[in-house]
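Asks: please find the sequence and the predicted model below.
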Amino acid sequence: MAQEAAAVRMQLDQQALNAVPGDERVGLEVTEDTSPAAQGLKAHSLPGKALPIIYLISGVLSLPSIRGAVQEMLRRHEYGGVVIDTRTRPANIRNELTAQADSVLVIRADGSTESVRSTLVTEDFLKRVLNYR
């Protein structure tokens, strides 16, 4: 039985990218993100560490892979929380410095929002959020 998947666009660092299995990375578009938002995340990296590379990935990922990447993004408290913006297609998933660390803020297509703790980010939650209509 195939795992459920969703088309996403994610902004993440190398550690979160490593959470995506190699076989799923094959079909993804992966580029370095040089946007002001990426520069802002880099500026908040931990002292004494090399500056991270922030990537943009775009494509179809299984829900377990999306969950793994989001959980890795949430572990990086210096980058704030995670935002899943479903106003665009594909959904845009990124760290946000102004969002509460260890939480996910969902912005629905109608502009309404929902905030959940990282422990509630399950595959069922992602399926509900990413299969927006």
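Replies: Right, received. Where do you want to start? Please read all numbers here as calculations on a predicted model, not as lab measurements.
Asks: buried ones in the longest helix along the chain?
Replies: The residue-count maximum for a helix in the chain (DSSP state H) belongs to helix 63-75. By neighbour count on 16 or more other CB atoms under 10 Å, the buried set for helix 63-75 is 63, 65-74. Placement of C-beta: from N, CA and C, glycine included.
Asks: any chance of the residues you listed in JSON lines, plus distance to residue 82?
Replies: Conversion of the buried residues of helix 63-75 to JSON lines gives the following (distance: CB to CB, whole Å):
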{"residue": "63", "distance to residue 82": "15"}
{"residue": "65", "distance to residue 82": "15"}
{"residue": "66", "distance to residue 82": "11"}
{"residue": "67", "distance to residue 82": "11"}
{"residue": "68", "distance to residue 82": "13"}
{"residue": "69", "distance to residue 82": "10"}
{"residue": "70", "distance to residue 82": "6"}
{"residue": "71", "distance to residue 82": "9"}
{"residue": "72", "distance to residue 82": "10"}
{"residue": "73", "distance to residue 82": "5"}
{"residue": "74", "distance to residue 82": "6"}
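Asks: let me see the contact set for the residue positioned nearest the centre of the chain.
Replies: Centroid-nearest residue in the chain: residue 93, 3.9 Å away (criterion: CA atoms, centre = their mean). By CB atoms under 8 Å, 6 or more residues apart in numbering, the residues touching residue 93 are 8-12, 66, 69-70, 73, 82-85.
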